[in-house]
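A.B. asks: Provided below are the primary sequence and the corresponding predicted coordinates.
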Amino acid sequence: MSDENMKAELERLRAENEALKNKKTGRGTLTMKVSEKGALSVYGMGRFPVTLYKEQWIKLLGISDEIKKFIQENDAQLKTKE
C-alpha cells in the first residue's frame, strides 16, 4: 500500500471512529441488551448496567405502582443523582 493510500485509509478510519463516538447514546438514554448469561441489561442509568433475569424484571415491573408510591412517600429522604 502506498503512503498516499495509507494516509487516505487512516483518515477514513479516523472519520469512522469519530462518527461512532458521536453515535453513542446520549446521557439519560436507556438501551437494552441480552447479557452473555441470558439476562436483560439496561444501560444508561448509571456507571454500570442494571441486569436482572426475565422473571426478576417481570416481578419488579409488577410492583411498579408500589415503587412509585414508596418514592412519593419517602421523597424527602431520597436523593436525586444528577
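C.D. replies: Looks like it came in fine. Residues are numbered from 1 along each chain as shown.
A.B. asks: Every contact and neighbour count from this point should use C-alpha atoms.
C.D. replies: OK.
A.B. asks: Confirm residue 33 sits in a strand?
C.D. replies: Yes: using DSSP: H, G, I helix; E, B strand; the rest coil, the assignment for residue 33 is a strand.
A.B. asks: which residues does it contact?
C.D. replies: 40-42 (CA atoms under 8 Å, 6 or more residues apart in numbering).
A.B. asks: ok, residue 50 - contacts?
C.D. replies: 41-43.
A.B. asks: Let me know the distance separating it from residue 38.
C.D. replies: 13 Å (CA to CA, to the nearest Å).
A.B. asks: Just give the number of residues close to residue 19.
C.D. replies: 11 (other CA atoms under 10 Å).
A.B. asks: To clarify, my last question referred to residue 35.
C.D. replies: 13.
A.B. asks: cool, and the one 5 residues further on?
C.D. replies: As a burial measure, residue 40 scores 19 neighbours (other CA under 10 Å).
A.B. asks: residues near the closest residue to it other than its chain neighbours, how many?
C.D. replies: Counting by CA to CA, 6 or more residues apart in numbering, residue 34 is the residue found nearest to residue 40 once chain neighbours are left out, at 4.8 Å. Using other CA under 10 Å, residue 34 has 13 neighbouring residues.
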